[in-house]
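In: Sequence first, predicted coordinates after that:
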Amino acid sequence: MQQKTKAIVINSIKYADTSLITHCYTEELGIKSYLLKGILTSKKGRLKKAFFQPLTQLEIIANHNNKGHLNSIKEARIINHYQSLHTDIRKQSITLFLSEVLHSCLREEETNQTLFQYLETSLIWLDSHDDIANFHLLFLLHLTKYLGFYPEVNHKNNFFDLAEGKFVTKPTSKYFIQSPEINTFKILLGTSFDTLQNITLNSLQRQKILDMLIQYISLHLHTFKTPKSLSVLHSIFK
C-alpha cells in the first residue's frame, strides 16, 4: 500500500556497498524500516543520502508491506530544514544520543500522533535555541509521558523510587533519587522547554541526573539499551 506520511529519521545503517536501511518514526504508522537501494552511489535518483541523517524531518511517499518486512520509499522531501542541528558540535552530540535512545524506545508499528508531534516540535526547538546544555534531560523526562511511565508528580516526599515511578517517604528498591539530586529532579518536573534556561547545573549535577534518567527508562522499558554515545555527551557538556 502506497501512503504519504510525515517521518522522522531515527537512524540509518549501511547495507551492502550501495544501500541503506533506515528506520523512521512515521506520523501515520509508527516505526517503519525502509530499504533504500543504491542510494549511496546514485546521483540522479529522487532520494539523497543527506535526507536520511539522524532526526531529519521528512514527508515521504512509501510502499508499506506487512509488519516485520522492509518497506520502500518512492519520494522524500525535507519539511523542516534545520539550521544548526547537524553542524553545531553540541547539537550533533545530542542528536546522536537521541537517535540511539529513540531506536531503543520506539518499537511499535502503530499510530501515536501525539508522540510524533512531541518529537517534531522538540527537535525544532533544539535546532532554534542556543542554551541547550540541559535539553536532553528534559527531552528524556517528557518522553516517558508517551512511553507510559511518566513520574508521579506528587512532590511532597523526599525520595523518588525509580522502580515504582513515584515519590516515597522511604524507598522500597535500591534504585532511587535522594538529596541533593531530588531537588533538581523536582525542578525538571515543573519545567518546559521555554523555561529550560532558568535551570543552572554544573557538569557533575547534569551527569548524575542523566544517568538516573537512563536508569529510570531501563527499569521500565526492557528493550532499552544504554546509548554508546553517552560518554560523548558527558564529555561535550562538561
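Out: Perfect, I can see it now.
In: where does this structure dip in pLDDT?
Out: For the chain, applying pLDDT under 70 flags the ranges 66-68.
In: Looking at the record's assignment, how would you partition it?
Out: Per automatic domain parsing, the structural domains of the chain span 2-80, 89-236.
In: In JSON lines: those, plus mean neighbour count.
Out: C-beta here means a position set from N, CA and C on the backbone, and glycine is covered the same way. Conversion of the domains of the chain to JSON lines gives the following (neighbours: other Cβ atoms under 10 Å):
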{"stretch": "domain 2-80", "mean neighbour count": "17"}
{"stretch": "domain 89-236", "mean neighbour count": "16"}
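In: what about the closest residue to residue 193 other than its chain neighbours, distance to residue 105?
Out: Spatial nearest neighbour of residue 193, excluding adjacent residues (Cβ to Cβ, 6 or more residues apart in numbering): residue 125 at 5.0 Å. According to Cβ to Cβ, to the nearest Å, residue 125 stands 19 Å off from residue 105.
In: picking that back up, what helix or strand does the residue nearest to residue 193 sit in?
Out: Assessed by DSSP states H and E, residue 125 sits inside helix 113-128.
In: bridging residues for the closest residue to residue 2 other than its chain neighbours?
Out: Spatially, and ignoring its direct neighbours in sequence, residue 2 is nearest to residue 63 (5.3 Å; Cβ to Cβ, 6+ apart). Note on residue 63: beta-bridge partners residue 2, residue 72, judged by DSSP bridges.
In: Which secondary structure elements does the helix holding residue 125 sit against?
Out: Using 3 or more Cβ pairs under 8 Å, 6 or more residues apart in numbering; DSSP states H and E, the elements in contact with helix 113-128 are strand 2-15, strand 19-26, strand 72-80, helix 89-105, helix 135-147.
In: Take those and write them to CSV, including distance to residue 34.
Out: As requested, the helices and strands packed on helix 113-128 are exported to CSV (distance: least, Cβ to Cβ, whole Å):
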stretch, distance to residue 34
strand 2-15, 9
strand 19-26, 5
strand 72-80, 5
helix 89-105, 14
helix 135-147, 23
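In: closest to residue 114 out of the ones you listed?
Out: helix 135-147 (6.6 Å; Cβ to Cβ).
In: neighbouring contacts of that closest one?
Out: With contact meaning Cβ atoms under 8 Å, 6 or more residues apart in numbering, helix 135-147 is reached by 94, 97-98, 101, 105, 112, 114-115, 118, 122, 125-126, 129, 150-151, 188-189, 191-193, 196, 206, 209-210, 213-214, 216-217, 220-221, 233.
In: List the contacts of residue 79.
Out: 6, 57, 58, 59.
In: sorry, back to before: which one of the helices and strands packed on helix 113-128 lies closest to residue 180?
Out: helix 135-147 (15.5 Å).
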